[in-house]
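[1] No letters, just coordinates:
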Ligand SMILES: [Zn+2]
């Protein structure tokens, strides 16, 4: 019985005793009501953490039961969206706009953004964890490349829309409805209340007029979603092209990725390549989750300057980066002859392109044969490289 609980206030035991129908109420730090953990502090952190644990558990239980793994990314995403996401976002129409704004971040500062509120959302960590799992990438893979390959938006966009949808529902209620009365009382509280969050979200998304005009349908929600998507895509693009790092010698890990990844959308090759190992190798190659020296030089002790991350296989002194591996290194000439023969069948003008242009074309191609040929090349060349280079040098 949920009534059989009162909270411990501010860490101190409540002196008074409360009873209900002759039963003394137990004094607790937190209790779960309708699947949401409510704590004495009023914070929903515990609720979000519990939902996250439940969501993660259910996903991996499903993957074990249904047996799908790296081979079916589209199935994995579908299962996530229809069984795990509802768990992660359960009750988000309330907790998404309640106690969410951290006091450290003042709303009136220039750099304040809605997105900053959601930067540490535990649900988002699960979202990314599962996306990396499906792509076969390590957990240290860049989140921007993972989102880019799958065309997956962060969960906060759904959360904000859920909050706004619930607000529309409240606005449409009759004045004497209990929920409506609670909402009207909430409006009298500070700007950090749930209704204060709604007003802030509308102001931020340049939809302020809906606050005074009272929405009668979900048009405002659709407008908000579009705006959040555009904002996110712009931020994602900026991240790809941002080379500012704490360590000034370091550059963006995605310096190659940004050369060919021009739009935020699901990559066709993820569904078109049936050879799973070849597809995994291509994903790792595209997102720079590989062992070529251009990448390992970033993490070696003392940091290796880019000019010293040379290829040990062809002795040309060339830097061993993705373009060298795919189009230049003589070690893989036989494999490259097969690749180029397949490519010129589809696109005879390929030989007239500069190496930079050809690299971009191969990585961005949507042609089945081109995609599969490139993936097989990467798979075989990586294997050859692994066999030649002693593990201690890799
Ligand atoms: Zn080489």
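    It's in. These figures come from a predicted structure and were not determined experimentally.

[2] Now do the strands in this protein.
    Using DSSP state E, the strands of the chain run over 5-7, 19-20, 23-24, 26-28, 30-33, 36-39.

[3] Export those as CSV, with columns for distance to residue 139 and mean pLDDT.
    From N, CA and C alone the C-beta is placed, and that goes for glycine too. Output for those, formatted as CSV (distance: least, Cβ to Cβ, whole Å; pLDDT from 0 to 100):
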stretch, distance to residue 139, mean pLDDT
strand 5-7, 37, 63
strand 19-20, 48, 83
strand 23-24, 48, 83
strand 26-28, 36, 78
strand 30-33, 30, 80
strand 36-39, 27, 80
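
[4] Relative to residue 199, which of the ones you listed is closest?
    For residue 199, the closest of the strands of the chain is strand 36-39, at 23.8 Å, according to Cβ to Cβ.

[5] Report all helices and strands that the closest one contacts.
    Secondary-structure packing of strand 36-39 (3 or more Cβ pairs under 8 Å, 6 or more residues apart in numbering; DSSP states H and E): strand 30-33, helix 45-66.

[6] Tell me which of these is the most buried.
    helix 45-66 (a mean of 16; mean count of other Cβ atoms under 10 Å).

[7] Can you tell me what sits against that one?
    Contacts to helix 45-66, defined as Cβ atoms under 8 Å, 6 or more residues apart in numbering, come from residues 30, 32, 36-39, 69, 76, 79-80, 83-85, 87-91, 95, 121-123, 125-126, 129-130.

[8] cutoff 7 Å now
    Contact with helix 45-66 is made by 30, 36-37, 39, 69, 79-80, 83-84, 87-88, 90-91, 95, 122-123, 126, 130, as judged by Cβ atoms under 7 Å, 6 or more residues apart in numbering.

[9] gap between it and the chain center?
    Centroid separation between helix 45-66 and its chain, computed with Cα atoms, centre = their mean, to the nearest Å, is 17 Å.

[10] now stretch 201-217
    Distance, centroid of stretch 201-217 to centroid of chain: 27 Å (Cα atoms, centre = their mean).

[11] tell me which residues of that stretch are tucked away?
    The neighbour-count check on stretch 201-217 (16 or more other Cβ atoms under 10 Å) flags 201-202, 204-205, 207, 210-211, 215 as buried.

[12] quick one: low-confidence parts of the stretch 101-250 of the chain?
    Low-confidence segments of the stretch 101-250 of the chain (pLDDT under 70): 101-112, 246-250.

[13] try it again with 50
    102-104 (pLDDT under 50).

[14] With distance to residue 57 as extra columns, can I get the strands of the chain in CSV?
    Formatted as CSV, the strands of the chain follow (distance: least, Cβ to Cβ, whole Å):
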stretch, distance to residue 57
strand 5-7, 26
strand 19-20, 34
strand 23-24, 34
strand 26-28, 24
strand 30-33, 16
strand 36-39, 16
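
[15] I'd like the ones you listed laid out as CSV, including distance to the ion.
    Output for those, formatted as CSV (distance: least, Cβ to the ion, whole Å):
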stretch, distance to the ion
strand 5-7, 66
strand 19-20, 77
strand 23-24, 78
strand 26-28, 65
strand 30-33, 59
strand 36-39, 56
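
[16] Out of those strands, flag the one nearest residue 113.
    Taking Cβ to Cβ, strand 36-39 is the member of the strands of the chain nearest to residue 113, at 26.9 Å.

[17] what's the burial count for residue 349?
    By the criterion of other Cβ atoms under 10 Å, residue 349 has 8 neighbours.

[18] cool, and the one 4 residues further on?
    When counting by other Cβ under 10 Å, one arrives at 14 neighbours for residue 353.

[19] Distance of it relative to the ion?
    Computed as Cβ to the ion, to the nearest Å, the residue 353 to the ion distance reads 20 Å.

[20] thought that residue was touching residue 362?
    No - with contact defined as Cβ atoms under 7 Å, residue 353 does not count as touching residue 362 (9.7 Å).

[21] The residue in the stretch 51-200 of the chain that the ion sits nearest to and residue 58, how far apart?
    With Cβ to the ion, the shortest gap between the stretch 51-200 of the chain and the ion falls at residue 145, namely 24.2 Å. Residue 145 sits at a distance of 26 Å from residue 58 (criterion: Cβ to Cβ, to the nearest Å).
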